Structures are given as C-alpha cells and as structure tokens.
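# predicted model and sequence below, questions to follow.
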Protein chains: 2
Amino acid sequence: MDDFEESRVAKAKRFAKMQSLERYSLHSYVFNYIRDAILNGRYKPGDALVETKLAEELGVSRTPIREAIRQLELEGLVISIPNKGVVVSGVSQKDIDDIYTIRSMLEGLAARWAAQRIDEQALKELEEIVELMEYYTRKNDFDQLTQLDTRFHGVIYDACDSKVLKHMLDNLLRYVERARRGSLKVPMRARLSFHEHRSIFEAIMKRDAAEAERLMAEHISRAILNLHSLTEQSEEEKD
Amino acid sequence: MDDFEESRVAKAKRFAKMQSLERYSLHSYVFNYIRDAILNGRYKPGDALVETKLAEELGVSRTPIREAIRQLELEGLVISIPNKGVVVSGVSQKDIDDIYTIRSMLEGLAARWAAQRIDEQALKELEEIVELMEYYTRKNDFDQLTQLDTRFHGVIYDACDSKVLKHMLDNLLRYVERARRGSLKVPMRARLSFHEHRSIFEAIMKRDAAEAERLMAEHISRAILNLHSLTEQSEEEKD
DNA sequence: ATCACATTAATTGTATACAATTATACAAGT
DNA sequence: ACTTGTATAATTGTATACAATTAATGTGAT
C-alpha cells in the first residue's frame, strides 16, 4: 500500500512536470528535459550524466533515460564514452557564432526557395504576421514579437518545401533559442527587425528569390551582431 | 547446455557481423546496420520496423534496437508514431538534390574557414592528397579516388576548426554516400574533379578564402549535375 | 451479407533483473 | 611514502518481464 501510494505520487509529479514539455512518451519527455537543462545552463559542460540519478530525479526507469541520451549524443550535446559514462558537452559561444553563420546561409536558401514555391495561403499568413509585428513593435511587447518571429521563419521553412532543409533549420534554431530570446528585447533592434521582416516578405511576395535570399542572410547576420553588442554591454555592467 | 551453445553461436554470429561495422556497443552496431540498410535500399520507404523482428534478425534484445531507432528518428531516416510503430522514411531523390545544394554552401563555408585557419601540417597533407589524386586519376583507380576525395574533404572539415560545421557536414555526407560512390566512376568526371580539387587546394594555400569558397561551392554543384547526367543515361539504357 | 462489439493477438512502452565493466578504497609488500 | 593488488561498490550494457495500447479476428444481431 505504501509502495502503491509512492508510485502514484511519483507518477502525478512526473505528469505535472510533463505538462510543460512534450509528453507523447517518456523518452521524448526526458530528451526535452535534459536538452533544455543543457541549453539553459543548468547542466554545465563537463557534468557527468548518471543514468540512475536522472531516473530517480525524473521518476522514470533507466530505459527512457538511455533512449534520450542516445539522441542527445547524436545531437552533439553530450559525449558518451562506452562503459564509462556520458558528460555534457554543451554549446560554447563559438558554437553559437558558427551556428548563426550557418543559419544565415541556410535561412537565405530557405527564403530563396520560399520565394519560388510559396502558395497564396502561406503568403497571406506571412502578411498577417508582418502586420502583427508592426502592431506589437509599437507596443514594445517583446514576448509576442519573439513568438511572431518564430512563426515567420516557420512559415518560410514550410513554404520552401524541403524536408531536409526544414529539419536542419529546426534543429539549429533550438540550439540558439536561449540566445534568441534576449535578442529582440531592445526596442531599437525590434524596430529594425520589423523592417527587415517586411522587406523579406515583400521580396518573397514579388517572387524575387535572389533578393529574398540576400535580405534574409543579412537579417540573420545582423541578429548575431546585435547579440554581440548585447553581451559586450552586459560584460561592461559586470565591471 | 543446449541453451548455452545456442547463445554462444548467436554471439559469435553477431560478432562476425559486427566486424564490418562499429562495435563499441550493440546500439551503435544496430544503428549502423539499420542506417546502411535504409541508405542502400534494403529497407524501403514505407517498410515497417518491428522491434522484435529486428531483435531476432540481429540476435540482440529489444533495448539496443530501441536506442538505435530513437537515433534514426532524430536523423529523419524513420518516422515514429507513438504506440503504433516506426516506418522507414528514407531519402528521396529530391532529398539528395537538396542535400547537395545545402552541401555546396556549407562545404564552401568550410573551405573559406579552412583557408583562414589551416596550419602547415594540414596544408601539407592536402598537397599530398592532391598529388595522389593526380596519380590515381591517370591510373583510373576509382576506389582510391573516392577514398582520397573523402580524405580531402575531411582534412578541410578539421581545418575549419568548427565542431558544429564538421558535425553537420559529416552527417550530410553519410546521406549521399551511395550517390557519391558512383559519381567518380566516369574517367572524364574524375579528371575534371582532380583539377577542381587542385584549384581549391591552391586557393587555400594562398589563403584566398573567398576564392576557396567559390571554387568549393562550384565543385559540389558540378558533382550533383554530373550525378543527374549519370541517372539520365541509365534511364535511357533502360529503354 | 454486414455492421457492431467483444475477445484475442501483436506490438510498443516501461520497469526491473542480471551481466560486464570501470572506479574506489584499503591493505600488504617494497 | 609509494606502488601494487585485490576486494568492493558504482555504473553502464543487455536481456527479460510486465503493462498499456493498438491491430486482428471472430461472433451475434439485424
């Protein structure tokens, strides 16, 4: 009876935690949990991931933990040494810089393909998003803007009609999510970002693939420049 | 005793199979096995992957099978529907085309970074590879050429000193490995390819990053064009 | 004959048990 | 004091057992 209660409590607790994350299966829940912990810095590079500890912490058995770890290994977020264990690898600042450079190329490609292949409905959706962006930029509502930014790029990923490219960009975005969140929180950057998005939208609408690619690549490059000026600022604040 | 013999046989059999693949752990062996089967067309898109069947086929339990499947899922080679099963997704011809387009950009980036960061030792290695390429091009030894091609690009991946970029390019290469193998088997293409490699090497040696990027991007683009003409030819042969 | 429903089988999801490997601690010999 | 060896513990690797879900099979009512 005691054991039974215990397990019910554990399950309820797990379910509560899962509310905020994917919950189709335990391994996906564990995967998201650990990935977020690494990306948010709760698990730091060099930390050892011990299966039994994680299993207890999350209230699940080792099987889903192992499945999740194998995925994290493939993503490059952890390094696994057979029979010894896995340690957090994490993403360094240089990794993030590299990802932005790569993204500027691939997002450019996505914009190019989108300009060639997008249908009327998606075009309409883009237009709406841009209009909403204008609205929330005026209101300085940064949370909404971040969400709209995600939607804007998401529509383009779908429009470019390439499973492979979408897959890669989705992954890359996750890696820099934390960095991205802070990026739009400066009013001036937000205004600039809005104008960039509008230009990109217009280029796509005009089916000007080359222009869309150029503008998108610039857009991403500016985002990383902006990030750098932000971190420099906060470095100064530390002194 | 019978059981004991049985298990020894199974293990020996498994070990023999593993000789040709990675064998650090069962899940990596299973992962490589299934991935190769998909990439070589033995498992076709739409095929269902049943854990127990695979477990029996490979002489292992379901646990390593599941770990491998989770990785394949992340790679996009299979699609998993919770509680129902996984089906092979595979790579279509369009996927391969897309990958080549993406590769031409990313390999270009790698060449650019390599030109900026490569050290003397790696430069020397590149030079050797190019010399060997010339030799084997004359000899029409396509297997050696394919290997050298892999080495050439590998040295550049390392030289560009970017964990992220190297990781992405390694993955992309695996997807198109089958396509790549056939690519160099035409004497004229092999000669052209050699000249392209030499030009890229020279640009890198001269630290001309922009030129290296341009040449490399062109090199990959030509490879996909060549592939297309090959498949068209074999289509004609069918008639 | 066909649909609805119950029953069984097949398959996935999860937990646990056991084996193999590696790390740790401690004692004996030099 | 410092290695060396050995026993013990901790941890990973693998297999199996059990639970939950979904697919299939068959039976009876209309």
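Perfect, thanks for sending it.
# can you show me the strands along chain A?
A:48-49, A:78-81, A:85-88 (DSSP state E).
# for chain B, find the nearest of those strands.
Chain B sits nearest to strand A:78-81 of all those, at 8.9 Å, using CB to the nearest CB. No exception for glycine: its C-beta is placed from N, CA and C like everyone else's.
# now that closest one, how far from the centre of its chain.
Put simply, strand A:78-81 sits 22 Å off its chain's centre (CA atoms, centre = their mean, to the nearest Å).
# tell me the mean pLDDT over that strand?
For strand A:78-81, mean pLDDT is 96.
# that strand packs against which elements?
Judged by 3 or more CB pairs under 8 Å, 6 or more residues apart in numbering or on different chains; DSSP states H and E, strand A:78-81 is in contact with helix A:62-75, strand A:85-88.
# ok, and what's touching it?
When contacts are defined by CB atoms under 8 Å, 6 or more residues apart in numbering or on different chains, strand A:78-81 is touched by residues A:38, A:49, A:69-70, A:72-73, A:86-89.
# what pairs with it, parallel or antiparallel?
Here strand A:78-81 is paired, per DSSP bridges, with strand A:85-88 (antiparallel).
# picking that back up, tell me which of the helices and strands packed on strand A:78-81 sits most buried.
Most buried of the helices and strands packed on strand A:78-81, by mean neighbour count (mean count of other CB atoms under 10 Å in any protein chain shown): helix A:62-75, with a mean of 22.
# centre of the chain to that one, how far?
Put simply, helix A:62-75 sits 19 Å off its chain's centre (CA atoms, centre = their mean).
# quick one: mean pLDDT over that helix.
Helix A:62-75 comes out with an average pLDDT of 96.
# tell me the angle it makes with helix B:62-75.
40 degrees (axes from the mean of the first three to the mean of the last three CA atoms, to 10 degrees).
# measure residue A:63 to residue A:173 for me?
According to CB to CB, to the nearest Å, residue A:63 stands 29 Å off from residue A:173.
# cool, and residue A:71?
Residue A:71 is 17 Å from residue A:173, where distance means CB to CB.
# isn't residue A:109 right up against residue B:101?
Yes: with contacts counted by CB atoms under 8 Å, residue A:109 reaches residue B:101, the gap being 7.0 Å.
# so for those two, which residue has more residues nearby?
Ranked by neighbour count (other CB atoms under 10 Å in any protein chain shown), residue A:109 and residue B:101 place residue A:109 first, with 23 against 20.
# now do the contacts for the more buried one.
A:160, A:165, A:213, B:101-102, B:105.
# now do 10 Å
Residues near residue A:109 by CB atoms under 10 Å, 6 or more residues apart in numbering or on different chains: A:160, A:162, A:165, A:168-169, A:213, A:216-217, B:98, B:101-102, B:104-105.
# so residue A:170 makes contact with residue A:162?
No: with contacts counted by CB atoms under 10 Å, residue A:170 stays clear of residue A:162, the gap being 11.8 Å.
# just the buried residues out of the contacts of residue A:109, in ChimeraX syntax.
To isolate the buried members of the contacts of residue A:109 in ChimeraX, using 16 or more other CB atoms under 10 Å in any protein chain shown:
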select /A:160,162,165,168,169,213,216,217 /B:98,101,102,104,105
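# need the contacts of residue A:109 in TSV (columns: distance to residue B:187 and pLDDT).
Below are the contacts of residue A:109 laid out as TSV (distance: CB to CB, whole Å; pLDDT from 0 to 100):
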residue	distance to residue B:187	pLDDT
A:160	37	97
A:162	33	97
A:165	34	98
A:168	35	96
A:169	39	97
A:213	36	98
A:216	41	98
A:217	38	98
B:98	29	97
B:101	26	98
B:102	29	98
B:104	24	98
B:105	29	98
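# closest one of the contacts of residue A:109 to DNA strand D?
residue A:168 (27.9 Å; CB to the nearest atom of the strand).
# only alpha carbons, please: show stretch A:180-188 as CSV.
Written as CSV, here are the backbone C-alpha positions of stretch A:180-188 (Å, rounded to 0.1, in the frame of the first residue of the first chain):
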residue,chain,number,x,y,z
ARG,A,180,17.4,34.4,-29.5
ARG,A,181,15.1,35.2,-26.6
GLY,A,182,17.2,38.1,-25.4
SER,A,183,17.8,39.4,-28.9
LEU,A,184,14.6,41.2,-29.5
LYS,A,185,14.3,42.8,-26.1
VAL,A,186,15.9,46.1,-27.3
PRO,A,187,13.4,48.5,-28.7
MET,A,188,15.6,49.7,-31.5
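# flag every buried residue along that stretch.
Buried residues in stretch A:180-188 (16+ other CB under 10 Å): A:180, A:183-184, A:186.
# elements contacting the helix ranked longest in chain A?
The longest helix of chain A (DSSP state H) is helix A:209-238. Helix A:209-238 sits against helix A:93-117, helix A:142-159, helix A:177-183, helix A:187-205, with contacts defined as 3 or more CB pairs under 10 Å, 6 or more residues apart in numbering or on different chains; DSSP states H and E.
# what does chain A have sitting close to DNA strand D?
A:48-52, A:62-63, A:66, A:80, A:82-86 (CB under 7 Å from any atom of the strand).
# list the contacts of the nearest residue to residue A:113 once chain neighbours are set aside.
Nearest residue to residue A:113 in three dimensions, chain neighbours excluded: residue A:160, at 3.6 Å (CB to CB, 6 or more residues apart in numbering or on different chains). With contact taken as CB under 10 Å, 6+ apart, residue A:160 is in contact with A:107, A:109-118, A:166, A:169, B:98.
# who are the contact partners of the residue nearest the centre of chain A?
The centroid of chain A falls nearest to residue A:174 when counting by CA atoms, centre = their mean (2.5 Å). With contacts defined as CB under 10 Å, 6+ apart, the neighbours of residue A:174 are A:32, A:35-36, A:39, A:75, A:77, A:180.
# same thing but 8 Å
Applying CB under 8 Å, 6+ apart to residue A:174 gives the contacts A:35, A:39.
# how much space separates it from DNA strand C?
Distance check for residue A:174 against DNA strand C: by CB to the nearest atom of the strand, to the nearest Å, it reads 21 Å.
# thank you, goodbye.
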